[in-house]
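Colleague: 3D model of this:
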Amino acid sequence: MPERPDLEYIVPILARELAGAAVAGARADSPVVLRVLLPERIDALLPGKEIRRVVRRAHAVVFELGGARALDLVIAPMLAGRFSITLPGETRRPTDLAFSLILADGRELRYRDEVQMGKVYVLARGDLDKIPGLERVGLDVLDPRVFTPEAFRAAARARGDLAKDFLMDKAALDSMGNAYADEVLFEARIHPKAMVKGLSDEDLDRLHGAIVRVLGDATRTIAQRAPALDEKLRDFLKVRGRPGQPCPRCGDKLRRASVHGYDAIFCPSCQPEDRKSGPLNLRRARREPG
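Modeller: Predicted coordinates:
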C-alpha cells in the first residue's frame with residue numbers, strides 16, 4: 001500500500017491537480033470497495049460538488065467536497081491501491097480500476113486496486129471517526145515537535161505487544177505499514193517479535209532514531225526521484241522484499257517470519273531473537289506486497 005513516505009509525495013500532487021475541480025459524477029467500477037455512510041446513492045451525492053482540499057489522515061487520503069452539503073470522500077488504499085489522473089478523453093479502463101471520480105473538465109481521478117482490499121468512503125464532513133482505523137491517529141512521526149524521544153518512550157511503555165505490531169498501529173504512530181516497519185526494525189537492530197515492554201530506554205531511543213531516519217530518508221528519496229503518481233518505489237529498501245538475499249549489513253541470509261498474519265523480513269544475526277521475543281513462526285506468513 002502507499003505508506004507514509006509515498007503519501008507525503010502523492011497527496012500534494014493530488015491537492016495541486018484537483019483543488020477547485022468540479023465533480024460531474026462517480027463510477028464504482030468495483031462496487032466491493034465502496035462504502036456510502038449516508039442514505040443516498042453516490043450519483044445523487046457527488047455531482048456538482050467541488051474538491052476544496054485534499055489532505056492525508058493516517059493511511060488514508062481525504063478529499064473534502066464543498067457545496068450545499070459538505071462531504072468527505074475518503075480513500076484508504078490498503079495493500080495494493082494507487083491513484084491516477086487521466087487526461088480528458090481517456091476511455092481505456094485498466095483491469096484493476098476500482099473507483100472513478102469524473103470531473104467536469106473531462107479528467108478522471110481513478111483509484112486502482114488489483115486485490116480490491118482498499119475502501120472508498122463517502123460520508124458527511126467531520127465524520128471520519130466512523131471509518132475503521134481513522135478514529136484516533138497517533139504521534140506524527142515526521143513532526144520533530146511532536147515525535148520526541150520522550151513522547152515515543154511514553155507511547156511504548158503503554159504497550160504489551162510485539163515491536164512490529166506497535167509500529168504498524170496507526171492509533172499509536174502516524175504512520176507506517178508493513179514495508180517501512182521492516183526497514184525501521186532492521187535499522188534499529190530489533191527483532192520484529194521483540195516484546196515492546198522488554199525493550200530498554202536505549203532500545204527505544206534507537207528505535208525512535210531509526211523511525212526518523214528511515215521515513216525521512218525515504219520521503220526525500222521519493223521526492224527526488226519523482227515517480228509517476230501510480231508508481232510505488234521500493235527498490236531502495238534494504239530488507240523489504242528481499243527474503244533469502246544477503247543482509248546488506250552482515251551478509252547473513254535474510255529471513256521471513258509471521259507476525260499475526262503479516263510477514264516480516266529480518267536478519268537473524270543483526271536482529272537476534274531473544275527470550276523477550278514471541279515464538280518464531282516462519283511457515284504461515286502473509287506475504288504482503290511492498
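
Colleague: need the contact list for R240.
Modeller: For R240, the contact set (Cβ atoms under 8 Å, 6 or more residues apart in numbering) comprises 178-180, 182-183, 234, 265, 290. Backbone N, C-alpha and C define where each C-beta goes, glycine included.

Colleague: cool, and R136?
Modeller: Residues in contact with R136, defined by Cβ under 8 Å, 6+ apart, are A171.

Colleague: out of the contacts of R240, name the ones that lie in helices.
Modeller: 178-180, 182-183 (DSSP state H).

Colleague: ok, D274 touching A194?
Modeller: Yes. Between D274 and A194 there is a contact under Cβ atoms under 8 Å: 7.5 Å.

Colleague: where do the helices sit along the chain?
Modeller: Shown for the chain, the helices assigned by DSSP H span residues 4-18, 42-45, 149-157, 163-168, 178-188, 201-225.

Colleague: what's the most buried one of these?
Modeller: Mean neighbour count (mean count of other Cβ atoms under 10 Å) peaks for helix 178-188 among these, with a mean of 25.

Colleague: what packs against it?
Modeller: Applying 3 or more Cβ pairs under 8 Å, 6 or more residues apart in numbering; DSSP states H and E, one finds that helix 178-188 contacts helix 163-168, helix 201-225, strand 262-266.

Colleague: out of the ones you listed, flag the one nearest V141.
Modeller: Proximity to V141 (Cβ to Cβ) singles out helix 201-225 among those, at 5.4 Å.

Colleague: next, the angle from the closest one to helix 4-18.
Modeller: 40 degrees (axes from the mean of the first three to the mean of the last three Cα atoms, to 10 degrees).

Colleague: centre of the chain to helix 201-225, how far?
Modeller: 15 Å (Cα atoms, centre = their mean, to the nearest Å).

Colleague: that helix versus helix 149-157: what angle between them?
Modeller: Orientation of helix 201-225 against helix 149-157 (the same axes, to 10 degrees) gives an angle of 110 degrees.

Colleague: neighbouring contacts of helix 201-225?
Modeller: Residues from elsewhere that reach helix 201-225, judged by Cβ under 8 Å, 6+ apart: 4-6, 8-9, 141-142, 144, 147, 149, 152-153, 156, 163, 167, 173, 176, 180, 183-185, 187-190, 199, 233, 236-237.

Colleague: can you redo the helices of the chain as a markdown table with mean pLDDT?
Modeller: Rendered in a markdown table, the data for the helices of the chain read as follows (pLDDT from 0 to 100):
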| stretch | mean pLDDT |
| --- | --- |
| helix 4-18 | 97 |
| helix 42-45 | 95 |
| helix 149-157 | 97 |
| helix 163-168 | 96 |
| helix 178-188 | 97 |
| helix 201-225 | 98 |
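
Colleague: which stretch among the ones you listed comes nearest T86?
Modeller: Smallest distance to T86 across these (Cβ to Cβ): 11.2 Å, for helix 4-18.

Colleague: show me what that closest one is packed against.
Modeller: When contacts are defined as 3+ Cβ pairs under 8 Å, 6+ apart, helix 4-18 packs onto strand 50-57, strand 60-66, strand 82-85, helix 201-225.

Colleague: run the chain-centre distance for that helix.
Modeller: Its chain's C-alpha centre and that of helix 4-18 lie 13 Å apart, by Cα atoms, centre = their mean.

Colleague: cool, and stretch 187-201?
Modeller: 22 Å.

Colleague: span of that stretch from start to end?
Modeller: 17 Å (Cα to Cα, to the nearest Å).

Colleague: same thing with stretch 67-87?
Modeller: 25 Å.

Colleague: show me which positions of that stretch end up buried.
Modeller: For stretch 67-87, the buried set under the neighbour-count rule, 16 or more other Cβ atoms under 10 Å, comprises 71-86.

Colleague: quick one: least confident of these?
Modeller: In terms of pLDDT, the lowest of these is L79, showing 82.

Colleague: which of D274 and A194 has more neighbours?
Modeller: The residue with more neighbours, out of D274 and A194, is A194; 24 against 10, by other Cβ atoms under 10 Å.
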